[in-house]
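Student: sequence and predicted structure are below.
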Amino acid sequence: MSITSKALVLTGALFCSSGFSNTDARTEFSQTYHAYQRAVENSEYEKIEQFAKLAYEQGKAVFGEKSQNAANLAINYAKALSHHDSKEALVVLNEAIDTLTVLQGKYSTDLIDPFILKVELLLPNQDLTAREYVGFAIDIAQHHSNHLLESKIYFEAAKLFNRAHDYSRVKSYLNHADDINKKYLPKDAVHRLTVDLWVAELLSARKQHKEAVAKLNDVIAVFDERLDFDHPIELTAHSRLVGLYEKMGMSEQATKHCLMIAKMTPWHDDVEQTPLYRKEPEYPQRALKARAQGWVDLEFTITPEGFVEDISVLDKQHGPLFVKNTIKALKQWRYAPKFEDGEAVSAKSTVRMEFKLSR
């Protein structure tokens, strides 16, 4: 992810520079770079790495090895390498960081994205210096008194450390972002609302369900009071509230959000409906002892309130072993009901529940 939203820009003025090599080299580089851009647009990962490397090599000859454009091309190449060769990616990335630091100084905002990429590359190896590079990026944002940028860095760091399962660091970074947002950003700023969702998820994971509910209701209130359009953030908040209220045994409150989601999303009869809250069935002891695996296909009615009723078994593998626990679990699921002419109505749906043993 790019926090600063900056990219290499090749302008006509650059190509007219007397410091460039011959016209053929410039033309060849331009073709390669545009091929790289197309590969990125089409998510062609092998081509992305191929053309990122070639553009980097050609770009050093065209722009100069220690130029800003060569550094940006190095960052592109490091990103392409990051998926399978973090060691080489770090070598290339460090060259770019050194070049940008010399050219622009240690407080250049152009250093933020490469610092965050370096964090991403270091974390899988549990390299504690990853935290230092978060700090370097934060120092830059604070130097420029850019509160939004500072919050975005903390948020991006939280997501990266979440992938590394360092949850104490996730909590710290999210709390920093949340504090900045409350102090400096308007309530309806998309970034602030996005962070609010993550904070609510963190609270829920720590069993602070009441606090998570309050946070999510605050998000929804922003849309009700300030924004006159539906947004995925609002939809996510409603969905998570369904699950939280069900965990708290407050089905009536969950129903309100089931209905709101139904109003925001179209119903498709030919598509299996996705539950807003699901309780996984317990693996039957008899099946465990027998090392048996199987599945159960069920048809059921989703009520106007989003509950499950009228469950029937359509088909099953391994007889009745799994049926009882499957039905027991399905009765606790919640859905967004079907709407017709502005009213919630009952509707049929199906689901297959699979029972698989881990190897």
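Tutor: Arrived safely.

Student: outline the domain layout of this structure.
Tutor: Annotated domains of the chain cover 1-104, 285-355 [automatic domain parsing].

Student: got these as a markdown table, with mean pLDDT columns?
Tutor: Shown next, in a markdown table, are the domains of the chain (pLDDT from 0 to 100):
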| stretch | mean pLDDT |
| --- | --- |
| domain 1-104 | 85 |
| domain 285-355 | 93 |
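
Student: so can I have JSON lines of those showing mean neighbour count and distance to Y167?
Tutor: Just so you know, the C-beta spots here come from the backbone N, C-alpha and C atoms, and that holds for glycine as well. JSON lines is the format used below for these (neighbours: other Cβ atoms under 10 Å; distance: least, Cβ to Cβ, whole Å):
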{"stretch": "domain 1-104", "mean neighbour count": "17", "distance to Y167": "20"}
{"stretch": "domain 285-355", "mean neighbour count": "16", "distance to Y167": "28"}
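
Student: with distance to A221 added, can I get those in JSON lines?
Tutor: Shown next, in JSON lines, are the domains of the chain (distance: least, Cβ to Cβ, whole Å):
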{"stretch": "domain 1-104", "distance to A221": "28"}
{"stretch": "domain 285-355", "distance to A221": "20"}
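
Student: select, out of those domains, the one closest to N162.
Tutor: Between N162 and these, the shortest gap by Cβ to Cβ is with domain 1-104, which sits at 13.5 Å.

Student: against K328, how distant is the nearest residue to K324 once chain neighbours are set aside?
Tutor: Leaving aside its chain neighbours, K324 sits nearest to P284 (7.5 Å; criterion: Cβ to Cβ, 6 or more residues apart in numbering). To K328, P284 is 11 Å away according to Cβ to Cβ, to the nearest Å.

Student: cool, H144 as well?
Tutor: 57 Å.

Student: likewise for P320?
Tutor: In this view, P320 and K328 are 13 Å apart by Cβ to Cβ.

Student: what segments of the stretch 201-350 of the chain are strands?
Tutor: Secondary structure of the stretch 201-350 of the chain (DSSP state E, counting those that start in this stretch): strands at 294-302, 308-316, 338-340, 343-345, 347-355.

Student: and of those strands, who's closest to K187?
Tutor: strand 338-340 (29.3 Å).

Student: for that closest one, name the packing helices and strands.
Tutor: helix 251-264, strand 343-345 (3 or more Cβ pairs under 8 Å, 6 or more residues apart in numbering; DSSP states H and E).

Student: okay, these, which one's buried deepest?
Tutor: helix 251-264 (a mean of 19; mean count of other Cβ atoms under 10 Å).

Student: measure how it sits relative to strand 294-302, angle-wise.
Tutor: Interaxial angle, helix 251-264 versus strand 294-302 (axes from the mean of the first three to the mean of the last three Cα atoms, to 10 degrees): 80 degrees.

Student: what is helix 251-264 packed up against?
Tutor: The helices and strands touching helix 251-264, judged by 3+ Cβ pairs under 8 Å, 6+ apart, are helix 232-247, strand 338-340.

Student: put the alpha carbons of that helix into PDB.
Tutor: C-alpha atoms of helix 251-264 as PDB (Å, rounded to 0.1, in the frame of the first residue of the first chain):
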ATOM      1  CA  SER A 251     -30.900 -11.000  19.300                       C
ATOM      2  CA  GLU A 252     -33.500  -8.200  19.200                       C
ATOM      3  CA  GLN A 253     -30.800  -5.600  18.800                       C
ATOM      4  CA  ALA A 254     -29.200  -7.700  16.200                       C
ATOM      5  CA  THR A 255     -32.400  -7.800  14.200                       C
ATOM      6  CA  LYS A 256     -32.300  -4.100  13.600                       C
ATOM      7  CA  HIS A 257     -29.000  -4.300  11.900                       C
ATOM      8  CA  CYS A 258     -30.000  -7.400   9.900                       C
ATOM      9  CA  LEU A 259     -32.800  -5.300   8.400                       C
ATOM     10  CA  MET A 260     -30.600  -2.300   7.700                       C
ATOM     11  CA  ILE A 261     -28.200  -4.600   5.800                       C
ATOM     12  CA  ALA A 262     -31.000  -6.000   3.800                       C
ATOM     13  CA  LYS A 263     -32.100  -2.600   2.800                       C
ATOM     14  CA  MET A 264     -28.600  -1.800   1.600                       C
END
